[in-house]
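1. got a predicted structure plus its sequence, pasted below:
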Amino acid sequence: MVEQDQAAMVEAIFEKLVRSVFAPGQDVHDIAEFVGLMVGRLSESNKVNRMDSEALIRVALGEQEVYLEGIGAVDSLQIKGYVAFMAAERLGMSETDIDRLVHETETDLYERGHTLLRLKGSQ
């Protein structure tokens with residue numbers, strides 16, 4: 001259950017941050033540029049698929065006609081974590097801002113029935 005809750009946490013934070021960086025209907029070139037910068041910063045052993053990354057961002061923005069088949073759960077979670085990190089950086093979020101986001105997201109998920117363990121510093 002903890003793993004599911006952790007995945008839900010990453011998913012929720014990913015969606016919140018993506019929607020803070022991009023607007024629904026954002027030009028795909030803007031998303032591709034963001035993903036290109038992200039992938040360029042990752043080490044060779046952590047590289048992720050650019051097209052999959054762009055697709056996950058577009059889905060988070062509400063696009064319906066996006067091909068997601070073939071993106072495994074582990075790859076999806078890894079991409080979402082990297083995108084969330086880059087989005088937080090782009091937004092200039094401080095550690096305090098991130099702590100607040102984590103706490104708010106924990107509360108939201110807990111209210112929806114997830115049994116999240118409280119993370120250190122988010123209480």
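-> Sure, I can see it.
2. list of residues touching the top helix by length along the chain?
-> When the chain is scanned for its longest helix (criterion: DSSP state H), the result is helix 2-21. Contact with helix 2-21 is made by 34, 56-57, 60-61, 73, 77, 80-81, 83-84, 87-88, 90-91, 101-102, 105-106, 108-109, 114-117, as judged by CB atoms under 8 Å, 6 or more residues apart in numbering. No exception for glycine: its C-beta is placed from N, CA and C like everyone else's.
3. quick check: next helix or strand after that helix?
-> Downstream of helix 2-21, the first helix or strand assigned by DSSP states H and E is helix 28-41.
4. what inclination does the next helix or strand after that following helix have with respect to helix 28-41?
-> Counting by DSSP H and E, the next helix or strand C-terminal to helix 28-41 is helix 50-60. Taking axes from the mean of the first three to the mean of the last three CA atoms, to 10 degrees, one finds that helix 50-60 is oriented at 130 degrees with respect to helix 28-41.
5. so for the longest helix of the chain, mean pLDDT?
-> When pLDDT is averaged over helix 2-21, the result is 88.
6. and the spatially most central residue of the chain, how far from Arg100?
-> With distances taken as CA atoms, centre = their mean, the residue of the chain nearest its centroid is Phe14 (2.3 Å). In this structure, Phe14 and Arg100 are 17 Å apart, going by CB to CB, to the nearest Å.
7. contacting residues for Val59?
-> Counted by CB under 8 Å, 6+ apart, Val59 has contacts Val66, Leu68.
8. one step back: only whichever of the contacts of helix 2-21 are buried, select them in PyMOL.
-> Restricted to buried positions by 16 or more other CB atoms under 10 Å, the PyMOL selection for the contacts of helix 2-21 reads:
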select buried, resi 34+56+57+60+61+77+80+83+84+87+88+101+102+105+106+109+114+116
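9. now, the contacts of helix 2-21 that are in helices?
-> Taking DSSP H, the ones among the contacts of helix 2-21 that sit in helices are 34, 56-57, 60, 73, 77, 80-81, 83-84, 87-88, 90, 101-102, 105-106, 108-109.
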